[in-house]
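Trainee: Using only what follows, build the 3D model:
(one chain, ligands or ions: 1)
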Amino acid sequence: MENYEVFAIKYATRDAMRSGHFIGGDPHDAPMPMDYFVWLIRNAGRSFVVDTGFSAGMARQRKRTFLRTPTEGLALLGVEAAAAKDVVITHMHYDHVGTFFDFPAAQFHLQDSEMNFATGRYMRHGRFNHGYEVDDVVGMVRLVFKDRVRFHAGSAELAPGISVHHIGGHTAGLQCVRVATARGWLVLASDCSHYYEHMETGRCFPTTFHVGETIEGYDKLRTLAESPKHIIPGHDPLVMARYPAPSSALDGIVARLDVPPKD
Ligand SMILES: [Zn+2]
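Mentor: This next block holds a predicted model:
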């Protein structure tokens, strides 16, 4: 089995309160900032980018604190976005697919059910469309016509030791990524669990299409991962605190996930 290095690259952040992050609010309201990441999986033979983040313009529009473009973040690890061959899109929310145009050589790995959801009846409703940008969705449709979208239904192996798995919940077609590493099976949960706390306490982030799939999804993540400590949530600042930077120059910017956490 091939092993891979896995990195979380932080490209944006925003201040937020706990009450905004849980269905039903939170009785102990306090600050709970949100980080925004893209991820990189690589070994000597191949590399996969997981999600493409959002642009500086979108950060201004949605009032997020922008730190660097996802492309700049990948360049810090020596990866040229323009040459990337494979990009997994966990789901098509603006903060996960927003700079797809910076990857002109890539094929994009997406669940059938995510494209169906993002172009179907539920997008009539603000409740479900607010996380999407119509230009991103249309852009991905254009890539379908250029044969640059690889559709998956459920679980699929993308390469030895790298697979995607449909989870749903947050969006109808949300998928996670499972990666073989030297410390065992790692799962990039993306928004299958925004924070560690969601999966640890069985609670839901408010932007949710299907509560049942979200909560069942936490069990699926635990089944796929070597241990709960091998599951990487999608937006939790604790990821940067728990995992070491690959070099001191990248402290606070990149976390290396294929090595054990500090605590
Ligand atoms: Zn997200």
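Trainee: Check the protein for its longest helix and report it.
Mentor: Ordering each helix of the chain by length in residues (DSSP state H) puts helix 211-224 first.
Trainee: and after the helix or strand residue 108 falls within, which helix or strand comes next?
Mentor: When elements are assigned from DSSP states H and E, residue 108 belongs to strand 107-111. Downstream of strand 107-111, the next assigned helix or strand under DSSP H and E is helix 112-118.
Trainee: Check which helices and strands that following helix sits against.
Mentor: Under the contact definition 3 or more C-beta pairs under 8 Å, 6 or more residues apart in numbering; DSSP states H and E, helix 112-118 sits against helix 134-145, strand 149-152. All C-beta atoms are positioned from the backbone trio N, CA, C, and that covers glycine.
Trainee: Okay, buried residues for it please.
Mentor: For helix 112-118, a neighbour-count test (16 or more other C-beta atoms under 10 Å) marks 113-115, 117-118 as buried.
Trainee: So whichever residue of the stretch 1-150 of the chain sits closest to the ion: helix, strand or coil?
Mentor: Across the stretch 1-150 of the chain, no residue is closer to the ion than residue 95, which sits at 4.5 Å (C-beta to the ion). With DSSP: H, G, I helix; E, B strand; the rest coil as the basis, residue 95 sits in helix.
Trainee: still on that earlier bit, now, of the helices and strands packed on helix 112-118, which is deepest in the fold?
Mentor: Highest mean neighbour count among those (mean count of other C-beta atoms under 10 Å): strand 149-152, with a mean of 17.
Trainee: got the contact list for the helix or strand just after it?
Mentor: Using DSSP H and E, the next helix or strand after strand 149-152 towards the C-terminus is strand 155-159. Applying C-beta atoms under 8 Å, 6 or more residues apart in numbering, the external contacts of strand 155-159 come out as 2, 46, 48, 86, 88, 109, 163-166.
Trainee: Turn the helices and strands packed on helix 112-118 into CSV, columns for mean pLDDT.
Mentor: Converted to CSV, the helices and strands packed on helix 112-118 look like this (pLDDT from 0 to 100):
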stretch, mean pLDDT
helix 134-145, 98
strand 149-152, 98
